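Engineer: 3D, please:
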Amino acid sequence: MSALERLALYGCDEPLPQRLTLRAGPLSFELVGGRFGPVHAHGHEVWHGLAFLFRDVGWGTPEPVFEVLSHDIEGEGFVLRLRGHILCAPEDVVGQPAEGACIGLDLQVRGDADGRLHGVAQATPSHDLLSNRCGWVLMHPMSAAGCAVEVLHVDGRISRSSLPQEVPAWPPFMAVRSLRHEYAPGHWAEAHLPGEDYELEDQRNNADASFKTYSRSNSMPRPYVLRQGQSWTRELHLRLLGQPPEVAPSVAMPNLRWPLKQDAAPAMRLGLAITPDMTRSPEAWILDVLAQWRPAFLHLTLWPGTLSDAVDGPGVRSLLQAAGAALRLDLCGPEGLGDGGPADISCRALAQQLARVGVVPASVAALPCGAQATRFLRQLFPASAIGGGTPHFFAQLNRLEVSGGEDFMGFTVCPIVHGADDEAVMNGLQSLPSMLETARSRHPGRDWHLGPSRLSARASPLGRQPCSDGQKRMALASRDPRSRGLFGAAWLLGHLAAAAQARVQAVTLPALVGEDGLWWQAGDAWQMTPSAVLLAVCLRWHTLQNVLLHAEGGLRTSTPRWPLAAITGHNGRGWQILLANLGAQAQTLRWSHGRPFSKWACLDAESWLQYLDSPTSSPWRELGDCPVDLALPPYGLVRIDLHPLHGG
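Structural biologist: Numbers count the residues shown, from 1 in each chain. Presented below is the predicted three-dimensional model:
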């Protein structure tokens with residue numbers, strides 16, 4: 001892949017990690033960069049992945065870098081030896097910060113012909129380092145939810161249960177020594193984890209499509225110190241129990257037919273984030289874009305210490321008038337709201353500032369909220385819907401103990417909390433419906449709002465965020481280069497499809513400008529992203545719904561046919577469909593409606609590079625009548641325009 005293609009797809013020229021295919025009897029998986037998996041047995045996913053990882057003081061996850069790799073094939077197995085390091089931040093060093101701190105790492109992974117895997121890791125810190133965790137991590141696939149599990153605990157007890165269907169707030173299994181699970185009907189696998197206490201968490205909490213078993217219990221003190229020069233060794237042993245299942249059947253080609261099989265849920269509203277900076281003398285081009293897109297609402301978030309002095313009232317009014325939109329206002333982290341203290345004074349000043357320019361928020365959320373804050377906000381904003389939840393991730397909402405009386409609740413989605421691998425980011429889209437099902441059961445009677453959500457983390461509830469120049473994939477970073485590429489647009493369409501499937505009432509999209517905005521500054525000019533091209537289509541729709549695809553032969557699925565996502569809406573002239581390929585390999589979709597009832601256009605690396613060379617042209621490549629088989633390039637988007645007589 002050329003540097004220009006990487007720029008179009010990923011928004012940067014960072015090389016893709018090397019991939020090495022590994023086989024051990026019936027098991028097959030890949031080493032991608034410094035992580036292994038998913039691990040399949042005859043096409044059945046047994047484990048979602050494994051890695052040796054370091055979690056820093058802010059719960060960031062710097063990736064291992066391996067300089068030496070030795071791979072020997074032994075019959076139907078292999079022996080893999082890796083030597084490298086994990087680079088640590090200067091602030092992780094005990095005492096005075098020091099540059100160049102790292103953990104030296106030697107890994108050996110052996111795969112046997114009978115489907116056994118053995119991992120041995122030796123780690124050696126270069127300095128005294130503060131750590132929240134350092135050891136093996138083993139993941140189980142999200143599809144294992146509801147499957148039987150048997151846990152051997154460190155004290156010899158055995159628990160028999162199942163992996164949870166709803167998303168538990170806290171680890172369902174603790175003090176784990178080994179863990180057996182049923183990965184296919186009647187077929188079991190075992191993980192033996194000596195040397196430390198392990199726990200199992202549901203990583204749907206953080207928009208990952210997996211369960212995670214990790215070393216060092218959360219009940220132990222943290223951060224703790226890894227001593228300079230003191231090496232330690234950790235082992236991991238995986239095996240299939242009994243004969244593996246038959247080869248899994250191949251996945252049929254997905255099929256899209258008219259009339260579309262849409263979810264029956266009400267159409268959700270789409271809004272755009274705005275920042276305090278955007279309210280200060282908004283630029284004319286921003287007002288013009290808002291006037292064209294007409295989002296349902298603009299979403300302004302105010303963080304602690306900025307309730308009354310960060311916003312320009314007339315600027316807020318100008319943005320709302322240009323968009324013809326309502327205002328969603330989030331007040332994050334005001335302590336003691338409603339008890340007559342400083343937070344109340346700041347909120348009253350903000351309400352007066354907005355009232356002076358004639359702005360009445362349609363909705364106001366205190367994050368978190370609670371009964372006292374809800375009563376105060378209802379008095380202060382009597383015409384507004386009142387919300388609660390968290391400005392952070394579902395994990396924080398799931399563990400929320402303070403709520404009560406809100407009209408709506410919300411949280412954001414960030415897919416890079418634990419890692420920035422391309423496939424893991426896209427796979428995490430599948431976890432959103434589980435989050436909403438859990439949220440509704442624990443907080444019934446509320447509407448649900450998502451966002452502002454984007455690839456990067458706008459803030460971390462866990463501590464400091466890693467420094468990022470926006471040119472590399474990095475877990476928990478505030479900037480992600482893929483937001484500028486086709487990858488970011490495909491993820492955003494997948495997020496909208498998952499949100500529609502989960503029946504949320506509203507979704508907030510990224511801001512036009514700012515960190516990882518829909519436009520980014522290239523020199524003195526503002527450059528549109530592919531995500532902006534996507535939203536220029538669907539923000540003009542009167543309705544937006546998820547599209548359920550079919551397997552060839554007419555079998556309807558309850559989730560999008562992976563790795564494809566599809567949404568549809570009506571723009572006043574006719575129906576349109578937007579499709580996204582969420583993978584790095586080309587995909588084909590059968591469109592049985594076909595010519596001459598529909599036209600199609602593609603947004604891919606080729607058309608995007610042409611647009612960058614000639615910005616007055618359309619980024620869409622118009623392709624005429626729809627063929628029966630639609631080809632979607634890697635991370636490509638397709639727009640289908642249905643003929644009004646046939647599309648409604």
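Engineer: So residue 147 sits against residue 183, correct?
Structural biologist: Yes - if you go by Cβ atoms under 8 Å, residue 147 and residue 183 touch, sitting 7.1 Å apart. Every C-beta, even on glycine, is put in place using the N, C-alpha and C of the backbone.
Engineer: just the strands in the stretch 201-350 of the chain please.
Structural biologist: 210-215, 224-226, 232-241, 254-256, 269-274, 297-302, 326-332 (DSSP state E, counting those that start in this stretch).
Engineer: and of the ones you listed, who's closest to residue 411?
Structural biologist: Between residue 411 and these, the tightest spacing by Cβ to Cβ is seen for strand 326-332, at 11.3 Å.
Engineer: Report the inter-axis angle for the closest one versus strand 269-274.
Structural biologist: Here strand 326-332 runs at 60 degrees with respect to strand 269-274, directions being taken by axes from the mean of the first three to the mean of the last three Cα atoms, to 10 degrees.
Engineer: Strand 326-332 packs against which elements?
Structural biologist: Judged by 3 or more Cβ pairs under 8 Å, 6 or more residues apart in numbering; DSSP states H and E, strand 326-332 is in contact with strand 297-302, helix 313-323, strand 363-367.
Engineer: Those into a markdown table, with extra columns for distance to residue 159, mean neighbour count and mean pLDDT?
Structural biologist: Shown next, in a markdown table, are the helices and strands packed on strand 326-332 (distance: least, Cβ to Cβ, whole Å; neighbours: other Cβ atoms under 10 Å; pLDDT from 0 to 100):
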| stretch | distance to residue 159 | mean neighbour count | mean pLDDT |
| --- | --- | --- | --- |
| strand 297-302 | 42 | 24 | 96 |
| helix 313-323 | 54 | 20 | 97 |
| strand 363-367 | 36 | 26 | 95 |
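Engineer: In a markdown table: the ones you listed, plus distance to residue 401.
Structural biologist: Formatted as a markdown table, the helices and strands packed on strand 326-332 follow (distance: least, Cβ to Cβ, whole Å):
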| stretch | distance to residue 401 |
| --- | --- |
| strand 297-302 | 22 |
| helix 313-323 | 33 |
| strand 363-367 | 14 |
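Engineer: Can you check which of these gets nearest to residue 24?
Structural biologist: Nearest to residue 24 among the helices and strands packed on strand 326-332 is strand 363-367; the distance by Cβ to Cβ comes to 47.5 Å.
Engineer: Distance check, residue 387 against residue 572.
Structural biologist: Remark: distance between residue 387 and residue 572 (Cβ to Cβ, to the nearest Å) = 30 Å.
Engineer: just residue 628 next, same as before
Structural biologist: 29 Å.
Engineer: same thing with residue 323?
Structural biologist: Separation of residue 323 from residue 572 (Cβ to Cβ) stands at 18 Å.
Engineer: one step back: what about residue 387 and residue 572, which has more around it?
Structural biologist: Neighbour count, other Cβ atoms under 10 Å: between residue 387 and residue 572, residue 387 has more, with 25 against 7.
Engineer: and that one, that one's in a helix?
Structural biologist: No - counting by DSSP: H, G, I helix; E, B strand; the rest coil, residue 387 falls outside a helix, being strand.
Engineer: Residue 488 looks like it's in a strand, true?
Structural biologist: No - going by three-state DSSP, the assignment for residue 488 is helix, not a strand.
Engineer: For stretch 330-344, what is the distance to the chain centroid?
Structural biologist: Distance of stretch 330-344 from the chain centroid (Cα atoms, centre = their mean, to the nearest Å) equals 30 Å.
Engineer: again, but for stretch 218-232
Structural biologist: From the chain centre to the centre of stretch 218-232 is a distance of 29 Å (Cα atoms, centre = their mean).
Engineer: With stretch 349-368 instead?
Structural biologist: Put simply, stretch 349-368 sits 30 Å off its chain's centre (Cα atoms, centre = their mean).
Engineer: Span of that stretch from start to end?
Structural biologist: For stretch 349-368, the first-to-last residue distance is 20 Å (Cα to Cα, to the nearest Å).
Engineer: now do stretch 81-95
Structural biologist: Using Cα to Cα, the end-to-end distance of stretch 81-95 comes out at 34 Å.
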